[in-house]
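Novice: Next come a sequence and a model predicted from it.
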Amino acid sequence: MVESVVERITRGHFWDFHGGIHPPEQKFLTSSKPIKQLSLPKQLIIPLQQHIGREGDLLVTIGDRVLKGQALTLSTNPMVVPIHAPTSGTISAIKMSVIAHPSGLSQLCIFLDVDGEDTWRKRELCHDIEQLTNHQIIEKIADAGIAGMGGAGFPTHIKVNRQPDINFLIINGAECEPYITADDLLMMEQSNAIVDGIKIIDKLLTPAFILIAIEDNKPKAIKALQQATASIEKIKVCVVPTKYPTGGEKQLIQILTGTEVTSGQLPIHAGIVMQNVATCFAINEAVRHDTPLIRRVVTVTGQALNKPQNVWALLGTPINFLLEQCSVQNIENENQPVIMGGPMMGFSVSSELVPIVKTSNCILVPSKVEMPSAFEKESKEVECIRCGQCSDVCPSQLLPQELQWSAKAKDHAQLKKLNLSDCIDCGACAYVCPSQIPLVHYYRIAKAEIREQQQLDLKAEKAKIRFEARKLRLEKEKIARQEKHKKAAAARKAAMNKATPEATGAKSAVAAALARVKAKKASKAQVDTPDAPADLSTEVVDDQKSQVSAAIARAKAKKQLKAEAATKLSNSSDDTNKAVDVDTVETKTTVTQQPTVDDKKAKIAAAVAKAKAKKLSKNAEVTDTDKVTDNTLADKTVAEKTVNIDDKKAKVAAAIAKAKSKALAKANAKAESLNEEKIAANNVSATVTSNVTPTDHSPSNSAQAIPEDIVVTENAENSDSKNQNESLAESTPTPAMDKKAKIAAAIAKAKAKKKLKEASSVENNDQDSV
Amino acid sequence: MNILLAILVLGSIAAIFGALLGFASVRFKVDADPIVEQLDALLPQTQCGQCGYPGCKPYAQAVADGEAINKCAPGGEDTIKKIADLMGVEVQPLDESHVKGDVAQSNRPKVAFVIEEDCIGCTKCIQACPVDAIIGAAKQMHTIIIDECTGCDLCVAPCPVDCIEMRELPETIHNWQWDLTSIPVKQLD
């Protein structure tokens, strides 16, 4: 089939497409003049998006100096095509500006103040494309920001990247729209560059045949390309008859190959790729000369211009600069329409600051005689007479009058049925309409509505999905929450009911705490009542006080013991030892009560102890002591009864007391030995001081040894409390004491030391003053 | 005898057809009421709740059960007309009592916008959004995902600092509508 097509083409036979029109070409205005190189405009307005797809990410900021060819945006996505600085200069603004769009709406543009130097960035020329891989070439094309220059602006690197079996690569040089001669002139002047570009695409796509389609109204361009391709077998220059819209993609394919690309299909499905000649030129520039797409040929034409011609316009050049260069005749005319694109498919621009972009190929400034309809504000539209001329000329074989009814009625379903999507907006129907109905405008509106409806439907569908998902999620969360609460409640219940040791422990702990609180309350109440027995207020006992009083009692008892010991010197040492032993036992028992009972009790106990000591010393009989111990034991049990709530405390206290009594016994033994040596009975204060001295580390030791009784007794009292603390410290080796006690002891020691120091310093001062 | 035979024959025929019908009703049972799905497809899916139902699907169900068809404010007259066609009832004008705010007053689609300086991060709007179009966390600034927002207005009321407002989507070349037929209205004195 491919062979037969080529045979037909070589014989100069082509197929035809349905319909088409022959409007006045008006190409003579510009076709005979070479493409003019313009001077640099003062400012360029470069829209970020100049193609179908999305805009790239900005690479420059206001105030940056950019060089010619420098990328201004970055492509992050295949559908994004970067833009480049068309000349060197400074970015003066990045803001919204009116762009080349029928809506006259604004889009983000980069304003480049041209410095006039036209300095290039560093370029890497490539002399041999055979050294490059396809991937490298495609990357170069993508980096150069090339988008289809025929009008649609589809990113070229996507189009040349497909690798299925390609039968035909068609180079579109038909340029069927009236007035426009940009491609014609480009083919005349740059035929070799275009062929080089075609070779690059050939390398990428490797098609079976390459067809260059040119309408027969461009003899010079045909000749130039035939010369340029004479040596290449694969490339055929096809001279097709002039008819509008031959340049349409599907129409041209039908003319050349006879195959009709069916509705909804792309040419690639038929093994055909089509490229515009200007795109081929741009590809060559990009790959060989490392020149990004920064300029294009624009036909500036119309009878309102003095010098209509083709120009090399930098992308971003405002239209008014181009018009100035081509000297508009009656620029003062406010109603002068300026059309971007051709007379059939172009649109009036709302501002003369609209910049040239990658897809603009023509600026048409018609005179009133030339195109009266463009000057009319109100439409001359009358009712459709159903003549059917529109369907005769429709290249897509649609039914324009039917479409028009449905478009006016906004019957989208019917429009779809009538294949509105296959309309190529060529405007042939409106051109032939005797009722002057702007048919294409209705189709455009309808197309936009359908597109919007589709988007809304998509959005609604998405919203529905999200709503359902949210509902489901909330439901799940609710169930999970309920489940959690249920579980927690069950766990609590189980814990309460279970008879595990932990549970009972917890229970008992709670019960104990409750009991403690109750006891505290009770004791408080008792304290509040003035005549309450002191024994019961065990909880609110002032420990220190009781300890102090106990210590006093002990000291007194000791005194007496000393005295007795002194008197008993004649007795056997065994007896005294025994007595001492008994005494320690007794003191121990008495002391155990002391930390927990109040001072009154302590005093009583001390008195009892004193009495006992006396008794002991007098009788020194075992039976008596037994009795006494029995008594004290009874006392102890009473104390324990009152105290049994915090037995721990009592235990600790007992341990302390034990230690103290030990220490006392030691001290006593020392004193006894001293007494034995000296034989003479000294006064009590001396023994007390001797009791103090071994543990006293303060430098003012000697100060304590003064014979003044008051001072000494004071000291004795101090040292007694200290003694107690020290005995705590000394008791560390006893097994009853734990670490805590040690720490407490250390603290107590430090405190006692401080006190002692203070006392001694006071004494020193006193001495000094005395 | 003849009568007995007739009864027997007719009775057996009745039994056979009865069994056939019974089988068909089980075999070709329609799972859900398809009219609800169709109605749901007509509704705009903003999930705004202005109709008094918690979403579009519940309202579709209600319409199928005989609820008034003119309660969808975001859908407007178009939706009412479509529902009327589907249900075979008269077209009714939109029930204004179901229009909250100015959602239905403008043609241009609106989306919620969080004034970020004022947001205190209370998450109340997040709980109100029917389509999870608000991102944020407690004590963190919230923001709207424009693409997901249906413009239902439900997040505006719960905001304690009034930092959410409904803004029209800006007109860009992507959502621009050809409007060549509109005749400029001139006010005559």
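Specialist: Sure thing, it's come through.

Novice: Per the annotation, how does the chain divide into domains?
Specialist: Defaulting to chain A. Recorded structural domains for chain A (assignment: automatic domain parsing) are A:9-364, A:396-497, A:545-769.

Novice: could you do chain B instead?
Specialist: B:34-98, B:106-169.

Novice: deepest of the ones you listed, which one?
Specialist: Across the domains of chain B, the average number of neighbours (mean count of other C-beta atoms under 10 Å in any protein chain shown) peaks for domain B:34-98, which reaches a mean of 18. In short, each C-beta sits where N, CA and C put it, glycine included.

Novice: now that one: mean pLDDT?
Specialist: The predicted model gives domain B:34-98 an average pLDDT of 85.

Novice: what do you get for stretch A:203-213?
Specialist: 90.

Novice: hang on, the earlier thing: output the domains of chain B in JSON lines, with distance to chain A appended to each entry.
Specialist: JSON lines is the format used below for the domains of chain B (distance: least, C-beta to the nearest C-beta, whole Å):
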{"stretch": "domain B:34-98", "distance to chain A": "4"}
{"stretch": "domain B:106-169", "distance to chain A": "4"}
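
Novice: For A:Leu72, find the nearest of those.
Specialist: domain B:106-169 (26.1 Å; C-beta to C-beta).

Novice: where do the strands sit along chain B?
Specialist: Assigned by DSSP state E, the strands in chain B fall at B:110-114, B:134-135, B:143-144, B:164-168.

Novice: which non-adjacent residue is nearest residue 43?
Specialist: Unless you meant another one, I'm taking chain A. A:Asp113 (5.7 Å; C-beta to C-beta, 6 or more residues apart in numbering or on different chains).

Novice: wait, chain B
Specialist: B:Cys56 (4.1 Å).

Novice: check contacts around that neighbour.
Specialist: B:Cys56 sits next to A:464, A:467, B:40, B:43-47 when contact means C-beta atoms under 8 Å, 6 or more residues apart in numbering or on different chains.

Novice: A:Gly388 - nearest residue in space that isn't next to it in sequence?
Specialist: Using C-beta to C-beta, 6+ apart, the nearest residue to A:Gly388 is A:Gln401, at 7.0 Å.

Novice: Now the residue in the stretch 101-250 of chain A positioned nearest to chain B: closest residue in space that isn't a chain neighbour?
Specialist: Residue of the stretch 101-250 of chain A nearest chain B, by C-beta to the nearest C-beta: A:Ser103 (4.2 Å). In space, A:Ser103 comes closest to B:Trp176 once its chain neighbours are excluded; the distance is 4.2 Å by C-beta to C-beta, 6+ apart.

Novice: any idea how far A:His101 is from the one you found?
Specialist: B:Trp176 is 8 Å from A:His101, where distance means C-beta to C-beta, to the nearest Å.

Novice: cool, and A:Val510?
Specialist: 80 Å.

Novice: can you count the residues close to the residue nearest to A:Gly388?
Specialist: By other C-beta atoms under 10 Å in any protein chain shown, 20 other residues sit near A:Gln401.

Novice: hang on, it in a helix?
Specialist: Yes. Under DSSP: H, G, I helix; E, B strand; the rest coil, A:Gln401 falls within a helix.

Novice: quick one, what contacts it?
Specialist: Counted by C-beta under 8 Å, 6+ apart, A:Gln401 has contacts A:384, A:386, A:388, A:390-391.

Novice: For ChimeraX, write the selection for the buried entries among those residues.
Specialist: To isolate the buried ones among the contacts of A:Gln401 in ChimeraX, judged by 16 or more other C-beta atoms under 10 Å in any protein chain shown, type:
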select /A:384,390,391
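
Novice: Good, we can wrap up now.
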